[in-house]
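A.B. asks: the following comprises the amino acid sequence and a computationally predicted model.
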Amino acid sequence: MSAPIAASSGAPFAKLLSVASFVPSRVVDNAEMCTWIDSSDEWIQQRTGIVERRWVGEGESVETMALDAGRRAVEKAGIEASELGAVIVSTVTYYHQTPSLAARLAHRLGTLGAAFDISAACAGFCYGLAQAEALVRSGAARYVLVIGVEELSRFTNIHDRGTAFLFADGAGAAVVGPSETNGIGPVVWGSDGSQADAINQTVEWSKALAGSETPYIQMDGRAVFKWASGFIADAAKDVLAKAGLAPEDLDVFIPHQANNRITDAMLRALKLPEHVVVARTIKQFGNNSAASVPMAMDALLTSGEAKSGQTALLIGFGAGLVYAGQVVTLP
């Protein structure tokens, strides 16, 4: 008879210990955007809610933004970076195929923990959060740093009237650690690859390199709006149900900042009471993809609109098409 294999054991529950963000320095308002596309400030605001977006400035990049947000999150969590058992980075805009951005960041932060990147577009932070919660509860890591970071301006065709005004840059990070009470609800996640063409890259890398073409993000806005305002709204209901909560139990709603009209449609479907604070950082930040949810969370906590200990519904959705959401206790 073979010897039994020992099993790992971790914390009974996990929670968010901190959240932090990095907002790039360059402000691109709608007036500047309209020098590249045939549009207007009024049209952009009516269609999306965006007044301005942030793009990287001199000396800023995917790596510098992620490092800054990650360091702040670790400091706010009150731990040493060396205590991190894993670093998870979600991004679709890191140009180096290998090594991973997470591995580079782990070294610069000062940890020898596991490090890996994930590609889940605008659902990336919530995907990473689900993995972090599982790692802490399984005993594979005591503390996990989750970072969502994007430099979408490098993949934006500034002359495409359908997408140019949407995409932006930024980073958000959170530390997940052990808890005696549950602070992260069950994840509801999935994908629909049949709609892969709804949001995709215009040219694959091999063709781009051979032809010296720049790959851009292209999107079927109508298809995405229909999917997000219908299917994703239902997924958000499932997140609440899995957490054993009703709409009136929520304090804060933090959806991916894709479009204010999508947020409005989700609010109608969820029937959230008026006391629930709703993140609308798309107004000044634009669409930051994987960084969107943690940047919005940090902004709400920093402004005082949301408070530590409150219950928040998070949900991200995007290219794939992929989605993920969970209810959390705000750090």
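C.D. replies: Arrived safely.

A.B. asks: what ranges do the helices span in the stretch 51-200 of the chain?
C.D. replies: 62-77, 101-109, 124-138 (DSSP state H, counting those that start in this stretch).

A.B. asks: what's the angle from the first one to helix 101-109?
C.D. replies: In other words, helix 62-77. Per axes from the mean of the first three to the mean of the last three Cα atoms, to 10 degrees, the angle that helix 62-77 makes with helix 101-109 is 60 degrees.

A.B. asks: swap in the last one?
C.D. replies: Computed with the same axes, to 10 degrees, the direction of helix 124-138 lies at 70 degrees from that of helix 101-109.

A.B. asks: quick thing: my sequence starts at 415, can you match it?
C.D. replies: Noted, 415 is the first residue going forward, which turns the last one into helix 538-552.

A.B. asks: buried ones in helix 538-552?
C.D. replies: Residues of helix 538-552 classed as buried by neighbour count (16 or more other Cβ atoms under 10 Å): 538-551. Where you see a C-beta, it was placed from the backbone N, CA and C, and this is true even at glycine.

A.B. asks: same check on the longest one?
C.D. replies: Of the residues in helix 476-491, those buried by neighbour count under the rule 16+ other Cβ under 10 Å are 476-488, 490-491.

A.B. asks: after the helix or strand of the chain with the lowest mean pLDDT, next one along is what?
C.D. replies: Least confident helix or strand, the chain: helix 619-625 with a mean of 80, by mean pLDDT, DSSP states H and E. Helices and strands here follow DSSP states H and E; after helix 619-625, the next one along the chain is strand 631-633.

A.B. asks: related to what we said a few turns ago, and the helices of the stretch 465-614 of the chain as TSV, adding mean pLDDT and distance to A588?
C.D. replies: Compiled in TSV, the helices of the stretch 465-614 of the chain are given as follows (pLDDT from 0 to 100; distance: least, Cβ to Cβ, whole Å):
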stretch	mean pLDDT	distance to A588
helix 476-491	98	6
helix 515-523	98	14
helix 538-552	98	7
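
A.B. asks: tell me which of those helices sits nearest to N571.
C.D. replies: Closest approach to N571 among those (Cβ to Cβ): helix 476-491, 19.0 Å.

A.B. asks: report all helices and strands that that closest one contacts.
C.D. replies: Applying 3 or more Cβ pairs under 8 Å, 6 or more residues apart in numbering; DSSP states H and E, one finds that helix 476-491 contacts strand 427-436, strand 498-504, helix 515-523, strand 557-565, strand 583-593.

A.B. asks: which of the ones you listed sits closest to T725?
C.D. replies: strand 427-436 (11.7 Å).

A.B. asks: which parts of the closest one are buried?
C.D. replies: Buried, per 16+ other Cβ under 10 Å, within strand 427-436: A428, K429, L430, L431, S432, V433, A434, S435, F436.

A.B. asks: picking up where we left off before, in JSON lines, list the helices of the stretch 465-614 of the chain along with distance to A726.
C.D. replies: Converted to JSON lines, these look like this (distance: least, Cβ to Cβ, whole Å):
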{"stretch": "helix 476-491", "distance to A726": "17"}
{"stretch": "helix 515-523", "distance to A726": "25"}
{"stretch": "helix 538-552", "distance to A726": "12"}
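
A.B. asks: which one of these lies closest to T570?
C.D. replies: helix 476-491 (14.3 Å).

A.B. asks: show the model's pLDDT score for Q615.
C.D. replies: At Q615, the pLDDT value in this model is 86.

A.B. asks: count of neighbours near it?
C.D. replies: 14 (other Cβ atoms under 10 Å).

A.B. asks: pull the contacting residues for it.
C.D. replies: F569, P629, Y630, I631, Q632 (Cβ atoms under 8 Å, 6 or more residues apart in numbering).

A.B. asks: the third one contacts R568, correct?
C.D. replies: No: if you go by Cβ atoms under 8 Å, Y630 and R568 don't touch, sitting 9.4 Å apart.

A.B. asks: what do those two both touch?
C.D. replies: In contact with both Y630 and R568: no residue, using Cβ under 8 Å, 6+ apart.

A.B. asks: what residue ranges in the stretch 415-564 of the chain score low on pLDDT?
C.D. replies: Within the stretch 415-564 of the chain, the set of residues satisfying pLDDT under 70 is empty.

A.B. asks: per-domain residue ranges of the chain.
C.D. replies: 427-593, 602-743 (automatic domain parsing).

A.B. asks: and of those domains, who's closest to A417?
C.D. replies: domain 427-593 (20.0 Å).

A.B. asks: quick check: end-to-end length of the closest one?
C.D. replies: The separation between the terminal residues of domain 427-593, taken as Cα to Cα, to the nearest Å, is 5 Å.

A.B. asks: cool, and stretch 732-745?
C.D. replies: So stretch 732-745: terminal residues 25 Å apart, Cα to Cα.

A.B. asks: can you give me how far that stretch is from the chain middle?
C.D. replies: 8 Å (Cα atoms, centre = their mean, to the nearest Å).

A.B. asks: quick check: buried residues in that stretch?
C.D. replies: 732-745.

A.B. asks: any idea which of these is the one closest to D663?
C.D. replies: Among these, and counting by Cβ to Cβ, the member closest to D663 is V741, at 8.8 Å.
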